[in-house]
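In: Sequence plus predicted model, see below.
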Amino acid sequence: MFVDSVEILVFSGKGGEGAVSFRREKYVINGGPDGGDGGKGGDIYFKVDRNSDTLSYFRGHKHFRAKNGKPGLGRNKSGKQGESLDIIVPPGTQIFDIDSGELLLDLLNDGDRVLFLKGGKGGLGNTHFKSSTNQHPTYSQKGMPGIEKKIKLELKMIANVGLIGFPNVGKSTLVSVLSNAKPEIANYEFTTLIPSLGIVEVGDYKSFVIADIPGIIEGASSGKGLGVEFLKHVERTQFLLFVLDVSNYRELKIQFESLKKEVNNFSQTLSNRQYGIVFSKMDTKENNNSHIESFIKEFGYKLKRSDKNNLCYINDDYVKSKEIPNFILGISSLEKTNLDELKFLLFDCIKNA
């Protein structure tokens, strides 16, 4: 099960009590205090592990508690420190304070181990309270309590490119042929129910990560459909790729403007990302190129070239801009038309983003 948001309770360990003890040795008269200090309580850490890609483990585990410190002992022996607890999360996990809504941690890098809550300090043994006026102190300190915090974990996947499109426009098929991801593919809307990531190889030594999310429909930003729930998974992306279906009953301009509107309503920051446009399903016989050309001219592009089958539309001198697409390209995932060109265009846009 894919889970990207959970609430949990975490507790750092309580410090151990200091000991009240006195020396009791043969031939030693009136031995002084020798109570040791209590051990420190265990800390809470978050550890990032790329081998996990969902928060589903936390559906059945809601309480996480580090060990308490052990009490101090006689002969000035300190109690054992409480064992710390590592909570394993996937890269891209954010930690929020439920009461205040404050972002406490943003965990991005695999292998990072970040201290979240410190354990309580151990109490002092009675040996610390000996003085000239109090030779036999009969008291010690109690350990400091640990910290309890109710938090919310939210997963925002980390990808370089995020796909945006209506349901059933070919996003999952595109991801499956570009990358190593194997999303579910079928000829009906909302086939994709959860986000998926794929690694796209560009040549022998270069690659980037692409993210596919459920299709967005009109009104998604107000709660309709599935896409808005997962748009947060493309918030971290460097580049957006709008997938427009030339065989869809919606006109290209309507598809693009609707998608842009929903993304903008969801996040102004996300809306300001640089972006490109691909026309999917260019292999369909019923598509005609007149509406494609009129759509492209809306951006002020002059089409620099097209292949002999009129499948490729691209501005060779595209500019990096938030207002117009960095490129516009016709593709066919079925016939693998222009997919290599798309890979290199995307890699170049990421590199220069």
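Out: Thanks, I have the structure now. All figures in this text were calculated on a predicted structure; none of them were measured in a lab.
In: Please count neighbours and contacts with C-alpha atoms only from this point.
Out: Fine.
In: neighbours of residue 101, just the number please.
Out: 11 (other CA atoms under 10 Å).
In: how far away is it from residue 292?
Out: Separation of residue 101 from residue 292 (CA to CA, to the nearest Å): 45 Å.
In: part of a helix, is residue 261?
Out: Yes: according to DSSP: H, G, I helix; E, B strand; the rest coil, residue 261 belongs to a helix.
In: Can you tell me the strand partners of the host helix or strand of residue 105 and which way each runs?
Out: Following DSSP states H and E, one finds residue 105 within strand 103-107. Paired strands of strand 103-107, with direction, are strand 93-97 (antiparallel) (DSSP bridges).
In: The partner strand: which residues count as buried?
Out: Buried residues in strand 93-97, counted by 16 or more other CA atoms under 10 Å: 93, 94, 95, 96, 97.
In: any chance of those residues in a markdown table, with pLDDT and distance to residue 211 too?
Out: Below are the buried residues of strand 93-97 laid out as a markdown table (pLDDT from 0 to 100; distance: CA to CA, whole Å):
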| residue | pLDDT | distance to residue 211 |
| --- | --- | --- |
| 93 | 94 | 16 |
| 94 | 94 | 18 |
| 95 | 97 | 22 |
| 96 | 97 | 24 |
| 97 | 96 | 28 |
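In: burial count for residue 264?
Out: If you count neighbours by other CA under 10 Å, residue 264 ends up with 15.
In: Following element in sequence after the strand or helix carrying it, please.
Out: For residue 264, the host element (DSSP H and E) is helix 252-266. Moving toward the C-terminus from helix 252-266, the next helix or strand (DSSP H and E) is helix 268-271.
In: Can you tell me what sits against that following helix?
Out: Here helix 268-271 makes contact (CA atoms under 8 Å, 6 or more residues apart in numbering) with 234, 235, 260, 263, 264.
In: what's the next secondary structure element after that helix?
Out: By DSSP H and E, the next helix or strand past helix 268-271 is strand 274-280.
In: what's the following helix or strand after that next one?
Out: Next element after strand 274-280 (DSSP H and E): helix 290-297.
In: Just the endpoints, please. Distance across stretch 80-98?
Out: End-to-end span of stretch 80-98 (CA to CA): 33 Å.
In: Can you give me the buried ones in that stretch?
Out: Here stretch 80-98 shows 80-97 as buried, counting by 16+ other CA under 10 Å.
In: Please list the members of those that lie in strands.
Out: Cross-referencing the buried residues of stretch 80-98 against strands under DSSP state E gives 85, 86, 87, 88, 89, 93, 94, 95, 96, 97.
In: That concludes my questions; thank you for your assistance.
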